[in-house]
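Trainee: build me a model:
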Amino acid sequence: MRTTGRFGRTLVILAAVAFLAALAGVLVGRSLPDPRAEQATALHKLLHDQLDLDPQQRVRIAALEERFAVRHQALELEIRADNARLAAAIQAEHGYGPQVTAEVDRSHAVMGDLQKETLAHIFAMRAVLRPDQAERFDRAVVQALTANADPE
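Mentor: Model prediction:
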């Protein structure tokens, strides 16, 4: 009976260590620079500093950015909530069980929504541009999307 007690205690310790390692991985991942944010900043800089927007374009793009910022923040908050539910599922199941799988699927759906919203925003801004501006904007978008692409 004493062996079972030690085994149970060892199992609990192992589960706690695994959970803490996973949590540490998430924290380290969040502390690294986000290349998507850097790419968005470069695209934003091009749009506002290098495309010589006229006053009407500036007003229209500012309105688009304001609407997108609200939607982006809502989706980011949803992703954070999904991460909390995923953490709770990991803590409850201590493995890749059905609850963890469901939470991963849910978070991937929201991440997909964020990507779709971002692309819709990019195309909406592009629609405001003149053809010469749109050409430069397109090149910057393609460069941002392929900057970290693996050549293989």
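
Trainee: quick check: phi and psi at Leu51.
Mentor: Torsion angles at Leu51 (phi, psi; degrees, to the nearest 10) stand at phi -100, psi 0.

Trainee: quick check: chain neighbours aside, which residue is closest to it?
Mentor: Gln133 (4.6 Å; Cβ to Cβ, 6 or more residues apart in numbering). C-beta: built from backbone N, CA, C; applies to glycine.

Trainee: my read is that that neighbour contacts Asp52, right?
Mentor: Yes: counting by Cβ atoms under 8 Å, Gln133 does reach Asp52; the two are 7.5 Å apart.

Trainee: of these two, who's got more company?
Mentor: Gln133 (19 against 9; other Cβ atoms under 10 Å).

Trainee: local confidence estimate at the more buried one?
Mentor: According to the prediction, Gln133 has pLDDT 92.

Trainee: sorry, back to before: got the contact list for the helix or strand hosting the residue nearest to Leu51?
Mentor: Gln133 belongs to helix 131-146 when assigned by DSSP states H and E. Residues from elsewhere that reach helix 131-146, judged by Cβ atoms under 8 Å, 6 or more residues apart in numbering: 39-40, 42-43, 46-47, 50-53, 122, 125-126, 129.

Trainee: list the ones among these that fall in strands.
Mentor: Per DSSP state E, strands hold no members of those.

Trainee: the longest helix seen in the chain - contacts with which helices or strands?
Mentor: Assignment by DSSP state H gives helix 55-93 as the longest helix of the chain. Judged by 3 or more Cβ pairs under 8 Å, 6 or more residues apart in numbering; DSSP states H and E, helix 55-93 is in contact with helix 2-31, helix 98-128.

Trainee: which one of those has the poorest average confidence?
Mentor: Across those, helix 2-31 has the smallest mean pLDDT, namely a mean of 64.

Trainee: quick check, nearest of the contacts of helix 131-146 to Ala84?
Mentor: Ala40 (25.0 Å; Cβ to Cβ).

Trainee: just the pLDDT for the closest one.
Mentor: 58.
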